[in-house]
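Undergrad: build me a model from this:
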Amino acid sequence: RLKAFGWAVLSGASEPIAALLGWAILANSFSHQLYAVLFGIVAGMMVIISTRELLPTAHRYDPEDTVVTYSFIIGMCIIAVSLVLFLF
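TA: Residues are numbered from 1 along each chain as shown. Now for the predicted structure:
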């Protein structure tokens, strides 16, 4: 059990360390347009993961669909409103 915890900590710690290393190497070479493209790609990945993986799993736990679809739509509306508010 302790060994598994150690591997999990090592795996979790490697991501921020690699992110800092990547940022230190590439920070000056990225333009604002490239950041926008990369953030768009990552956002698209997150949407695909949530719709293809998380929604079917949520429907398995809510087979009558009493909460899942409405929660998904409300969450999308909250995100849309927050994006509009960022413009002001």
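
Undergrad: quick check: longest helix in this structure by residues?
TA: helix 2-26 (DSSP state H).

Undergrad: now that one, how far from the chain's geometric center?
TA: Centroid separation for helix 2-26 versus its chain: 17 Å, with Cα atoms, centre = their mean, to the nearest Å.

Undergrad: quick check: mean pLDDT of stretch 74-88?
TA: For stretch 74-88, mean pLDDT rounds to 92.

Undergrad: could you check how far that stretch is from the centre of its chain?
TA: 16 Å.

Undergrad: ok, now which ones touch the residue nearest to the spatial centre of the chain?
TA: Closest to where the C-alpha atoms of the chain average out (Cα atoms, centre = their mean) is residue 46, at 4.7 Å. Applying Cβ atoms under 8 Å, 6 or more residues apart in numbering to residue 46 gives no contacts. Heads up, the C-betas are built off the backbone N, CA and C, glycines and all.

Undergrad: can you give me the pLDDT of it?
TA: 90.

Undergrad: what's the angle between the helix or strand containing it and helix 2-26?
TA: Using DSSP states H and E, residue 46 sits in helix 32-49. Computed with axes from the mean of the first three to the mean of the last three Cα atoms, to 10 degrees, the direction of helix 32-49 lies at 150 degrees from that of helix 2-26.

Undergrad: tell me which helix or strand comes right after helix 32-49.
TA: Next element after helix 32-49 (DSSP H and E): helix 55-61.

Undergrad: now tell me what touches that following helix from outside.
TA: Contacts for helix 55-61 (Cβ under 8 Å, 6+ apart): 65, 68, 72.
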